[in-house]
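Asks: Let's see this in three dimensions:
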Amino acid sequence: MTVRPTARTPAGLAALALTGLLVAATPAAASSADGTWWYSGMGVAEANAAGATGAGVTVAVIDAGINPDLPMFAGADLHVHEPSFCFDVMTGTPYPAARTDITQAAAHGSNVAGFVVGTGQGFDGATSQRGVAPEARLLFYSIGDLEKPCLATYSPVEGSPDAMALAVRQAVDDGADIITTSITGSMSADPDVQAAIAWAQTEGTIVISALSQDEAENDTALYSGDDLAKLNGVVAVEACDADLRPITGRDGAQMEHEKITVCAPGVDVLVQGDERAGDWRPVRTGSGTSYAAPTVAGALAAVWSAWPDATANQILQTLVHDTGSEEHELNYTADLGYGLVGLRHMLREDPARFPDENPLVHDVGDGPNVDATQITLRELAEAERPVWPGDPEWTGSTAAATAEPDATSTPAAQAPDAPSDTSGGTPVWVWGVAGLAAAAVVTAAALLARRRSSGTAPVPAQGTDR
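Replies: Predicted coordinates for the structure are as follows:
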């Protein structure tokens with residue numbers, strides 16, 4: 001893969017930010033505002049009962065930290081990669097990924113993982129998070145510590161990769177079918193990160209990223225840098241509330257993003273623990289794209305387990321085509337992307353009816369003036385497993401170190417209009433269950449049959465360039 005050289009994060013320190021742990025001031029009440037609206041509205045229980053449980057699908061979560069001992073993970077197929085990919089700047093000792101003390105890092109990562117495989121079991125018989133794909137295999141990778149600085153490289157060797165790049169490569173090596181991250185920072189222009197994500201896609205791994213969100217307490221117009229979510233082929237997830245409205249910033253204005261793929265539940269949703277009180281036991285409501293991204297990951301895992309012969313590209317095709325509750329033309333708007341993630345809709349028909357092409361890949365040009373924060377079609381076509389200084393197989397050169405000059409970039413076309421799923425004033429989270437029974441029920445034999453995509457460079461679907 002040929003990657004344009006770019007400036008690295010100063011001193012190798014991680015520049016990480018969460019995409020949401022906005023916790024309510026009071027415990028959640030047992031009412032329509034208890035944070036479970038999204039679970040019933042999406043029809044998760046019905047989908048799971050029909051066999052779409054995520055069984056046979058491996059989801060990787062890249063985040064800050066996790067407490068695997070929480071009741072909501074009891075019985076879950078959860079594997080925590082130890083140690084983290086984040087090293088103490090003074091001692092060079094890696095931080096642990098699993099943490100039982102309640103910190104912002106551990107609370108964030110735990111709740112993100114809970115939206116994928118949470119069992120709903122809380123403390124002392126109480127309820128907690130339920131994930132969309134409770135039978136998926138979940139791999140957790142820690143790349144940062146939010147309470148103290150850490151060195152985001154795994155080797156003192158010059159040119160060793162940042163933590164995100166290493167975590168992505170490890171997740172693919174470990175067999176991840178889907179990677180989701182709710183961590184943002186100055187990473188999209190990093191050549192190592194680009195190389196890892198490009199290779200992941202050619203290996204048939206779906207990559208999902210939460211869109212960044214404004215945390216500043218000001219009344220200015222909002223603009224959020226899209227970071228990893230903007231990269232070619234990556235699913236960019238916005239958060240929506242129960243009334244289908246996208247999340248807003250502190251000044252009440254909707255945040256602007258260069259790219260949105262879909263909107264998913266992420267406002268006033270149930271989360272576990274209160275780090276301000278130092279207690280894991282309370283359940284509360286929180287908001288953020290951090291929670292929307294793993295919800296999409298869980299939904300895709302559930303769909304993939306129901307349609308195991310679909311390729312990664314075809315799963316992405318059904319994500320963008322089968323939004324909302326009803327059939328519609330492929331349309332796009334700046335606030336909802338291709339629409340609201342449609343679990344029931346995706347389960348109705350075999351994703352294999354779509355071409356084996358990533359609909360989120362588009363031609364960003366190729367040349368010396370091309371956007372350094374993008375992955376080009378040529379780079380996707382040439383992507384290989386990245387090797388960096390410090391690796392046993394390191395031979396002294398990488399694609400990033402031998403970057404070649406490119407040609408002039410080509411501006412992307414405008415995306416089509418948005419789907420008409422939000423008309424009528426009725427939230428489409430509350431979709432009818434008609435058609436769910438027709439969704440494929442997973443069988444043991446089918447679970448073994450899922451194959452990855454062909455590995456060829458994806459071709460943009462008609463009308464999906466932005």
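Asks: can you give me the offset of the strand or helix carrying residue 346 from its chain's centre?
Replies: Assigned by DSSP states H and E, residue 346 belongs to helix 343-348. Between the centre of helix 343-348 and the centre of its chain there are 19 Å (C-alpha atoms, centre = their mean, to the nearest Å).
Asks: Who are the packing partners of it?
Replies: With contacts taken as 3 or more C-beta pairs under 8 Å, 6 or more residues apart in numbering; DSSP states H and E, helix 343-348 sits against helix 44-49, helix 289-306. C-betas here are computed from N, CA, C, even on glycine.
Asks: deepest of those, which one?
Replies: Of all these, helix 289-306 carries the top mean neighbour count, a mean of 31, counting by mean count of other C-beta atoms under 10 Å.
Asks: Show me the one of the helices and strands packed on helix 343-348 that comes nearest residue 250.
Replies: Nearest to residue 250 among the helices and strands packed on helix 343-348 is helix 289-306 (14.7 Å), distances taken as C-beta to C-beta.
Asks: Quick check: mean pLDDT of the helix or strand that comes right after the closest one?
Replies: Moving toward the C-terminus from helix 289-306, the next helix or strand (DSSP H and E) is helix 312-321. Averaging pLDDT along helix 312-321 yields 98.
Asks: what does helix 312-321 contact?
Replies: 177, 201, 204-206, 235, 261-262, 296, 300, 303-304, 307, 310, 330, 338, 341, 346, 349, 351-352, 354-360, 452-453, 458, 461, 464 (C-beta atoms under 8 Å, 6 or more residues apart in numbering).
Asks: Throw together a PyMOL command that grabs the buried residues out of these.
Replies: Those of the contacts of helix 312-321 that count as buried under 16 or more other C-beta atoms under 10 Å are selected in PyMOL with:
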select buried, resi 177+201+204+205+206+235+261+262+296+300+303+304+307+310+330+338+341+346+349+351+354+356+357+358+359+360+453+458+461+464
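Asks: just checking, which of the contacts of helix 312-321 belong to strands?
Replies: Members of the contacts of helix 312-321 lying in strands (criterion: DSSP state E): 206, 235, 262.
Asks: Would you format these as CSV with pLDDT included?
Replies: Formatted as CSV, the ones in strands among the contacts of helix 312-321 follow (pLDDT from 0 to 100):
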residue, pLDDT
206, 98
235, 98
262, 97
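Asks: Can I get those residues in TSV including distance to residue 51?
Replies: Shown next, in TSV, are the ones in strands among the contacts of helix 312-321 (distance: C-beta to C-beta, whole Å):
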residue	distance to residue 51
206	20
235	24
262	23
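Asks: quick check, nearest of those to residue 391?
Replies: residue 206 (25.1 Å).
Asks: and the nearest residue to the closest one once chain neighbours are set aside, bridged to which residues?
Replies: Closest residue in space to residue 206, ignoring its immediate chain neighbours: residue 178 at 4.6 Å, by C-beta to C-beta, 6 or more residues apart in numbering. Beta-bridge partners recorded for residue 178 (DSSP bridges): residue 59, residue 206.
Asks: Correct me if wrong: residue 35 contacts residue 267.
Replies: No - in this structure residue 35 lies outside contact range of residue 267 using C-beta atoms under 8 Å: 9.8 Å.
Asks: counting residues per strand, which one in the protein is longest?
Replies: strand 279-287.
Asks: in that strand, what's buried?
Replies: Neighbour-count burial for strand 279-287 [16+ other C-beta under 10 Å]: 280, 281, 282, 283, 284, 285, 286, 287.
Asks: Look up how far residue 124 lies from the fourth one.
Replies: Applying C-beta to C-beta, to the nearest Å, one obtains 11 Å for the distance of residue 283 from residue 124.
Asks: Where does residue 116 sit: helix, strand or coil?
Replies: helix (DSSP: H, G, I helix; E, B strand; the rest coil).
Asks: Burial check on it, number of neighbours?
Replies: 31 (other C-beta atoms under 10 Å).
Asks: for this protein, which spans come out with low pLDDT?
Replies: Flagging of the chain using pLDDT under 70 yields the residue ranges 1-33, 151-159, 214-226, 397-466.
Asks: try it again with 50
Replies: Filtered on pLDDT under 50, the chain yields the residue ranges 1-16, 21-32, 216-223, 399-466.
Asks: quick one: the helices in it?
Replies: Listed in chain order, the helices of the chain (DSSP state H) span residues 37-42, 44-49, 104-117, 163-173, 191-202, 289-306, 312-321, 343-348, 377-381, 444-447.
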